[in-house]
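Student: Task: produce atomic coordinates for the following.
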Amino acid sequence: MSTVADSLADGATPMSAYEEQVWDRLNEHWQRRNNRRGLPNWASTALDRSGEVARNAASRATRAVPETIKEPVRRGGDAVASMALRPAAEAAAALLELVNAWALELNDPKGVEKIARKRGIELDSFTELRQQDLKACDRLLTRNTLSLDPPMKV
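Tutor: Presented below is the predicted three-dimensional model:
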């Protein structure tokens, strides 16, 4: 899918200055995201540190014991490392679930219709928002506590 919106489809209305700015910002966001590693830096650092600590502990333990029991100690070290990483993985999964729940709530058509009516936009269905300028639609979320990124000012 292309993110370029230079050419207009037949019969399409041109973008407003606000919509062009938002489109450019959205393209920049996805470009940065495509060039980024999978995990946030803090999560990657935490996983690296806990893995290094577990490896060091297992390494010290295997040097301190006779050769005959090194293999069970290695397996134990692997188990310790797995147990140490489990809370970080569970926290990441819980955070993803929370963000997903917020995204679903922000995009619930009935909720958006209710906010639009409260803000003075008369509409019969969610799809009627397509006729509105993006700036008007973004204003629907300006006071929404779940909004993650404030709308741009023009």
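Student: how many neighbours does residue 133 have?
Tutor: Applying other CB atoms under 10 Å, we find 13 other residues in the vicinity of residue 133. In short, each C-beta sits where N, CA and C put it, glycine included.
Student: From residue 114, how far out is it?
Tutor: Residue 133 is 20 Å from residue 114, where distance means CB to CB, to the nearest Å.
Student: Over to residue 20?
Tutor: With CB to CB as the criterion, residue 20 and residue 114 are 29 Å apart.
Student: Repeat that for residue 124.
Tutor: 13 Å.
Student: between the two, who's got more neighbours?
Tutor: Neighbour totals were compared for residue 124 and residue 114, and residue 114 leads with 12 against 7 (other CB under 10 Å).
Student: Do a quick rundown of the helices in the protein.
Tutor: 17-34, 41-64, 70-106, 109-118, 134-139 (DSSP state H).
Student: is it possible to export those helices to TSV including mean pLDDT and distance to residue 128?
Tutor: Output for the helices of the chain, formatted as TSV (pLDDT from 0 to 100; distance: least, CB to CB, whole Å):
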stretch	mean pLDDT	distance to residue 128
helix 17-34	85	18
helix 41-64	75	41
helix 70-106	80	18
helix 109-118	85	9
helix 134-139	83	11
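Student: Name the stretch among those that sits most buried.
Tutor: Mean neighbour count (mean count of other CB atoms under 10 Å) peaks for helix 134-139 among those, with a mean of 17.
Student: How far does it sit from its chain's centre?
Tutor: Its chain's C-alpha centre and that of helix 134-139 lie 22 Å apart, by CA atoms, centre = their mean, to the nearest Å.
Student: next one: stretch 16-31
Tutor: 18 Å.
Student: What distance do you get for residue 118 to residue 103?
Tutor: In terms of CB to CB, residue 118 sits 21 Å off from residue 103.
Student: Kindly report the same for residue 116.
Tutor: According to CB to CB, residue 116 and residue 103 sit 18 Å apart.
Student: Over to residue 128?
Tutor: 22 Å.
Student: One more: residue 141?
Tutor: On the measure of CB to CB, residue 141 and residue 103 end up 12 Å apart.
Student: One more: residue 86?
Tutor: Taken as CB to CB, the span from residue 86 to residue 103 is 26 Å.
Student: Thank you kindly, that will do.
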